[in-house]
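*Asks:* give the three-dimensional model of this entry:
(2 chains)
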Amino acid sequence: MSVAASNAYAWPDERGRFGPFGGRFVPETLMPLVLELDQAYADAKADPSFQEELDGFLRDYVGRPSPLYFAERLTDHVGAANIWFKRDELNHTGAHKINNCMGQVLLARRMKKPRIIAETGAGQHGVATATVCARFGLPCTIYMGATDVERQKPNVFRMKLLGAEVVPVTAGRATLKDAMNEALRDWVTNVHDTYYIIGTAAGPHPYPAMVRDFQSVIGREARAQLMERTGRLPDAVVAAIGGGSNAIGLFHPFIGDEGVRLIGVEAAGRGLDGPDHAASLQGGRPGVLHGNRTYLLQDDDGQILEGHSISAGLDYPGIGPEHAWLHETGRAEYRAATDQEALEAFQLCSKLEGIIPALEPSHALARIGEISREVGKGGNVVMNLCGRGDKDIFAVAQHLGVRL
Amino acid sequence: MSARSHTDPWRLSGPFERNPDRACLVAYIMAGDPDLETTYQLMTTGLAGADIIELGMPFSDPMAEGPSIQRAAQRALKAGTTLKAVLGLVRRFRETDTVTPVVLMGYLNPVESYGYEAFARDAADAGADAAIIVDCPPEEANALADALEAARLSLIPLATPTTDARRLPMVLKRASGFIYYVSVAGVTGVKSADAGSVAEAVARIKAASRLPVAAGFGVRTPERAAEMARIADAVVVGSAIVNEVAAALDEGVSPVERVETAVWRLAEAVRNARLA
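*Replies:* So this is what the prediction gives:
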């Protein structure tokens, strides 16, 4: 590679802070476990055989590298900068989630933890966790809000087929944040044998950094692939953001490249001016939840609000702490797309490119036209197509008034 | 300021100093469950047998609580309970009771949202004596500890079965008031620890600190409370009392009488535990 990434960016610090964000806000019972995990991950990271093993599974089981695809007809439709898709929807299980699950399950094995737990919202992280647990013969328990269990029946069945136990969570409002609370309660209770695979780049340190590192394969590949195809770095990289794991995975290898714009797209739901959205950065303020300090949707009294998005994968009231920091420092830009805009982009991409995207990347797709025009003809924009849309066809049909 | 300040830095050690030969009972209820007026009645009447009142500050996402206290928090939030109103409740309580210590227990976000300095100042002024913040381990507690210390409030640390000898000094470093030993790895109100392991842990903590040690989590019956009272300087009962509130609400009656009976039974067991 002729263009090396800058080394100047070295977050988080040893306390797991990205500026004022991040940290380890967990009950004392979990602190020793979180510190143990930090040490185990540092050891694994320094051990070439760990990376070698992970690379092997990513290649042969997950199907990496994922292609970098020139979306020619979408580019023609917009008539501005070239639009490229990083095809992470072609991974095994259909989304980027498995990059992280594979890394963490190998770490759990290394730590000799015989039991896995995870939380899931839409079910993509739950399916990816159940998949790697099946592959390595580990029992796994997936916590899922009872509301989501009802809304995402196919994924619940997939997880069960893969041998996972799916526990519907009725506490609180029975969605993703409550599932995460319940997974943390399980971990507090089963401290001696359990490994918690958090699905997004949030939670107590080292999770945000570790999940980012495992997802950074997206950005590393995209960088090398575009260099090979065009001899240049992209002008902008774009990704949808819920908790922010696919976005940080795409952004991170480009953070030191000042000329590359990093653009995250949050879920604006029914609009940022009302309460029904999941845009933590643009509609929230800093606070502490689920082990880290970050931007949160919360009321004046510090009670956490429920996010809303047409995409179950984005309706989380928080965001990874590194995004909070990139937002505050201005290194990354954050925009938003409404449910309606995502639905339109979903249909456009299906018709123009023959790719049915998940509703999550449809939010990024909804902003890709304007970003391409800002960059202008001759430039290059890379968007992470982080999941495929099979899981969403029922929801989309319902919104379009079609009965299946 | 019109109302007078109720700050008293010596109140929290009072029960321990007055009762050197027996353990104290720390009784937990959730502020605003099912409304602040009921909580006031509970504090003045229902918890009369308790030496120290632990007052829950409701939070939407209480990650270390079992089902009982989770539901209590939901009820309190549904009634519109805010942190400001909880501090107002403490102030009202202090108008008639200047002796019983009140320890505020909750999660960091509402306190952070209120502002550490403002929270410490207003809580001290209202007459609270200490705070326990579940999701603020010692590594993250310095700013909060500074604010509380400046207002002469105690920050009570949690020690747990996973707190090893290496961590213990850090956990105890900025402690004042008492040490709360969480006797099981788990959430509130579910598992119970065996007395032997609690005794061992309490001895380990007492060897490292001169402060009293309170043991809690999973103490559901007077028998169990008595067992803990022979081991620790104080016994904390939470879910079992909150369950009395819930049961009364289910029956459509005021929780005060039910809670009063349950707390007196617990108090009697704790007071008499070392006489047998």
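
*Asks:* residue 132: which element?
*Replies:* Reading this off chain A. Assigned by DSSP states H and E, A:Val132 belongs to helix A:124-136.

*Asks:* that's the wrong chain, I wanted chain B
*Replies:* strand B:130-133.

*Asks:* which residues touch residue 127?
*Replies:* The chain I'm using is chain A. Counting by Cβ atoms under 8 Å, 6 or more residues apart in numbering or on different chains, A:Val127 touches A:Thr93, A:Lys97, A:Thr120, A:Asn155, A:Arg158, A:Met159, A:Leu162. (Glycine included, C-beta is placed from N, CA and C.)

*Asks:* ah, I was thinking of chain B
*Replies:* Neighbours of B:Gly127 in contact, by Cβ under 8 Å, 6+ apart: B:His6, B:Thr7, B:Asp8, B:Val90, B:Arg91, B:Phe93, B:Arg94, B:Thr98, B:Val102.

*Asks:* so the third one is in contact with B:Thr100, correct?
*Replies:* No. With contact defined as Cβ atoms under 8 Å, B:Asp8 does not reach B:Thr100; the gap is 11.2 Å.

*Asks:* in the chain, where is pLDDT below threshold?
*Replies:* You didn't say which chain, so I picked chain A. For chain A, the stretches with pLDDT under 70 are A:1-7.

*Asks:* let's do chain B instead
*Replies:* Scanning chain B for pLDDT under 70 picks out the ranges B:1-3, B:276.

*Asks:* make it 50
*Replies:* Filtered on pLDDT under 50, chain B yields the residue ranges B:1-2.

*Asks:* where do the strands sit along it?
*Replies:* B:24-30, B:52-56, B:102-106, B:130-133, B:154-155, B:158-159, B:179-182, B:213-216, B:234-237 (DSSP state E).

*Asks:* and the third one, what's buried?
*Replies:* Using 16 or more other Cβ atoms under 10 Å in any protein chain shown as the burial criterion, the residues of strand B:102-106 that qualify are B:Val102, B:Val103, B:Leu104, B:Met105, B:Gly106.

*Asks:* tell me the contacts of the first one?
*Replies:* The reference is to B:Val102. Contacts of B:Val102 (Cβ under 8 Å, 6+ apart): B:Met43, B:Ile52, B:Ile53, B:Glu54, B:Leu55, B:Val90, B:Phe93, B:Gly127, B:Ala128, B:Asp129.

*Asks:* ok, these vs B:Asp135, which is closest?
*Replies:* Nearest to B:Asp135, judged by Cβ to Cβ, of these is B:Glu54 at 16.6 Å.

*Asks:* hang on, isn't B:Tyr212 packed against B:Ile179?
*Replies:* Residue B:212: Pro, not Tyr. Yes. Contact between B:Pro212 and B:Ile179 holds when scored by Cβ under 8 Å: they sit 7.3 Å apart.

*Asks:* quick one: neighbours of the closest residue to chain A within the stretch 1-150 of chain B, just the number.
*Replies:* Residue nearest to chain A within the stretch 1-150 of chain B (Cβ to the nearest Cβ): B:Ser113, separated by 2.9 Å. Other residues within reach of B:Ser113, judged by other Cβ atoms under 10 Å in any protein chain shown, total 20.
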